[in-house]
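A.B. asks: Build me a model:
(2 chains)
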Protein chains: 2
Amino acid sequence: MNKIAVIGGGASGLLAAISAAQEGADVCIYEHKDRIGKKILSTGNGRCNFTNLNQEPIHYHSENILFPWRIVKKFDIQHTVAFFLKLGIYSKNRNGYLYPQSDQASAILDVLRMEVKRLGIQVKTEAKCKEISPVKEGFLIRTEAGDFSAQKVILAAGSMAAPSSGSDGSGYRIAESLGHRLVPVLPSLVQLRCEEGFYKGIAGVRAEGLVSLCVGGECYAREQGEIQFTNYGISGIPVFQVSRYAAIGLHEGKQVIALLNFMPDFTEEQFLIFLRNRIETRPQKSAEEFLTGLFHKKLSDLWIKLSHINRTKIMQDCTEKEIERLAHLIQNFSTKVVQTNSFEQAQVCRGGIDTKEVNPDTLESLLIPGLYFAGEILDVDGICGGYNLQWAWSSGHTAGKEAAGA
Amino acid sequence: MNKIAVIGGGASGLLAAISAAQEGADVCIYEHKDRIGKKILSTGNGRCNFTNLNQEPIHYHSENILFPWRIVKKFDIQHTVAFFLKLGIYSKNRNGYLYPQSDQASAILDVLRMEVKRLGIQVKTEAKCKEISPVKEGFLIRTEAGDFSAQKVILAAGSMAAPSSGSDGSGYRIAESLGHRLVPVLPSLVQLRCEEGFYKGIAGVRAEGLVSLCVGGECYAREQGEIQFTNYGISGIPVFQVSRYAAIGLHEGKQVIALLNFMPDFTEEQFLIFLRNRIETRPQKSAEEFLTGLFHKKLSDLWIKLSHINRTKIMQDCTEKEIERLAHLIQNFSTKVVQTNSFEQAQVCRGGIDTKEVNPDTLESLLIPGLYFAGEILDVDGICGGYNLQWAWSSGHTAGKEAAGA
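C.D. replies: Residues are numbered from 1 along each chain as shown, chains lettered A, B, ... in the order given. So this is what the prediction gives:
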């Protein structure tokens, strides 16, 4: 029987192990931590947004841009939902974002564990993999729990994001020792740290807006949603979505600017008319009262200050220049990004094993026959919204099935 | 000039005062607490869901069923949005639920206060009204801050819900002393306390479901949404929506049952087929594993227990009777309601001043000319979702405008 070692018991490793075992292979999972699937529990704020009905190639990033979609298409959203339904997960749909109906991430992990048990897959925990050596008829796998052998190896050891859940980047070292090249690994889906001193004063505030991420003067990504201010910079879904471009720009030593528009549904001209009408309606309001009901008080105060308008000034006494300055600031709030948060805070990584050295149909190494890859360790990162888990399921399924020789 | 006393500086009192002053009246607000508008700050979880785009007569309850809608139509959603836009509130629309774009309830109160100031409305705080006496050419108003006189009085002293914000029911006593009859005042939009002992074990769990509220064997209301379990019973929006019927039933000494359906999209037959398929797919799962991914673990455990199925029993060994019992329990989870939570926890009250003794066009008392009513003090309660504030705005506007003689 075909003996397969799966390195890493996270989302992609579990799918790889289950898919291989369902094809009849003899599978063993080697997990670094004391239990499998730890990172799954923290996804979707503990509810596990396990995939998304809205699937397009642009939801997946890689240096090798056509690579991710080729794999996702083979085990797509329909396959994923059917796979989990068989295991017991009844889906709840929130605007296309799918969750288990129980709203517990532990349900996803529980059904995967039940399936692992049902299929007789071995699980060795606290068995950090130190080295993989190709030997005659397969591989020697050296772990902290002893040495093992297998005909095939699936490397699903994750990235460097959220290392406390087990993915500490050790998988990259193993792949490199076998000759694989890495696309630079950077934090993604992560908060951005900014230069300006005013963030402490607006920490905790949330506001709808459009984030444009500009690197070296060029705009790379635009995302609308709820921006969250922290005491060091910006956070929230739209910030996470553009963060990979900030990480790349900073890595390349370029200037990175986030441009925030808090009235994105208005053109600049429309917004100026809107503000002038607002002044005409209640001309006696002071500058500090003027934006109440439009923006959070702390943001309003900051904008009035940055526009150099005296807060007690009566609005009808403001000059046209002052109004234009205020309007421009609200729609073009520029902040200099100096750093992303670290791998500890990142949900995933941009970069990883260069997919040009991986078979895009089977996920087998083009350098080492019998070695397969699955999940985040590859140079693939999805956007927020269940896409990184979908990548784990799709790539895990293909690697497992192909390694089992199906 | 027409001098108007407004008793109560809450949502309806503020609208009444502003509407009267906009018509040129000389207005004074007498507020029980040390500041006005306190309850507004806690609405919509501090974000103030100030109205709702979806307006139908059935969203408003009263013994006098046609009364609320007649008033709401006169100052409807369009008037309300325009009124607040003039004051500075730019609306954010969440599925029809409107909030100030700043997501701060304080913005609603701030713009109302600015308008009060702009119009020169007097505000006397810590001026609890003790008595209103009709005198020649108007009224004598006895308050804890002294005695005052006015040609007209608008009684907007609120209900008994959330007394810590000022509405302690004292307005009812004043109305009764003037000859007005009360429809029994009961807590509404409130949690329900249930008899069964198992609630402590599922406290904190949330689950989508359909709540049917049955009084004396008859079903009075059905609402679907997220049910929240507490250590004493049930909570959450669908529970709030049906709670007034529970309060009335309990007040009348009848048996009150809440019937919870956790699979409302399935007929009983469909759900039974669904469960049988689920068993066939993974026949070796134990009873305690069987519902994982479908319902929260704590609920699943409770249902297995209440169905008298041994938790370690393999599902394919269950009898047809056991499966039917389990399916029936999940779709017809009956719980006996013994009490509503108190006025302290209630968002509003059911009942209040009988509207049959109030002019349905002007909100003037049919017993005491020159006395008007606005807001929750009247026998009107709306459902959750901005309807109670809409009632405050609509009734406040009409009472203020009519009292000013416009």
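
A.B. asks: pretty sure residue A:264 contacts residue A:211?
C.D. replies: No. The criterion here is Cβ atoms under 8 Å, and residue A:264 misses it with residue A:211 at 9.7 Å. Heads up, the C-betas are built off the backbone N, CA and C, glycines and all.

A.B. asks: List phi and psi for residue A:203.
C.D. replies: phi -60, psi 140 (degrees, to the nearest 10).

A.B. asks: That one touches residue A:231, doesn't it?
C.D. replies: Yes. When contacts are counted by Cβ under 8 Å, residue A:203 is listed as touching residue A:231 (4.0 Å).

A.B. asks: And the two? Which one has more around it.
C.D. replies: Counted by other Cβ atoms under 10 Å in any protein chain shown, residue A:203 and residue A:231 do not tie: residue A:203 has more neighbours, with 13 against 10.

A.B. asks: Spit out the contact partners of that one.
C.D. replies: Applying Cβ atoms under 8 Å, 6 or more residues apart in numbering or on different chains, we find residue A:203 in contact with A:229, A:230, A:231.

A.B. asks: Identify those among these that sit within strands.
C.D. replies: Residues of the contacts of residue A:203 located in strands (DSSP state E): residue A:229.

A.B. asks: Identify, from the contacts of residue A:203, the entry nearest to chain B.
C.D. replies: residue A:229 (13.2 Å; Cβ to the nearest Cβ).

A.B. asks: To what extent is the closest one buried, counted in neighbours?
C.D. replies: 26.

A.B. asks: need the contact list for the residue of the stretch 101-250 of chain A found nearest chain B.
C.D. replies: Using Cβ to the nearest Cβ, residue A:107 is the residue of the stretch 101-250 of chain A that sits closest to chain B, at 4.3 Å. Contacts of residue A:107 were listed using Cβ under 8 Å, 6+ apart, and they are A:48, A:88, A:89, A:100, B:292, B:293, B:297.

A.B. asks: give me the number of residues near the second one?
C.D. replies: Think residue A:88. 24.

A.B. asks: so what's it closest to, chain neighbours aside?
C.D. replies: With sequence-adjacent residues excluded and distances taken as Cβ to Cβ, 6 or more residues apart in numbering or on different chains, residue A:88 is closest to residue B:293, at 4.0 Å.

A.B. asks: same question, the third one
C.D. replies: Distances taken as Cβ to Cβ, 6+ apart place residue B:293 nearest to residue A:89, at 3.9 Å, with adjacent residues excluded.

A.B. asks: For residue A:111, see how far away the one you found is.
C.D. replies: 5 Å (Cβ to Cβ, to the nearest Å).

A.B. asks: my read: residue A:196 touches residue A:337, true?
C.D. replies: No. Residue A:196 is not in contact with residue A:337 according to Cβ under 8 Å; the separation is 10.4 Å.

A.B. asks: how about stretch A:248-261: buried residues?
C.D. replies: Buried residues in stretch A:248-261, defined by neighbour count with 16 or more other Cβ atoms under 10 Å in any protein chain shown: A:248, A:249, A:250, A:256, A:257, A:258, A:259, A:260, A:261.

A.B. asks: Of the residues you listed, which is the nearest to residue B:276?
C.D. replies: residue A:248 (52.4 Å; Cβ to Cβ).

A.B. asks: and the helix or strand containing that closest one, is it in reach of chain B?
C.D. replies: According to DSSP states H and E, residue A:248 maps onto helix A:237-251. No. Residues of helix A:237-251 are not located near chain B by Cβ under 8 Å from any Cβ of the partner chain, the shortest gap being 15.8 Å.

A.B. asks: now check the helix or strand just after that helix, is it near chain B?
C.D. replies: Next along the chain after helix A:237-251, taking DSSP H and E as the criterion, comes strand A:256-261. No. Using Cβ under 8 Å from any Cβ, strand A:256-261 never reaches chain B; the gap is at least 13.8 Å.
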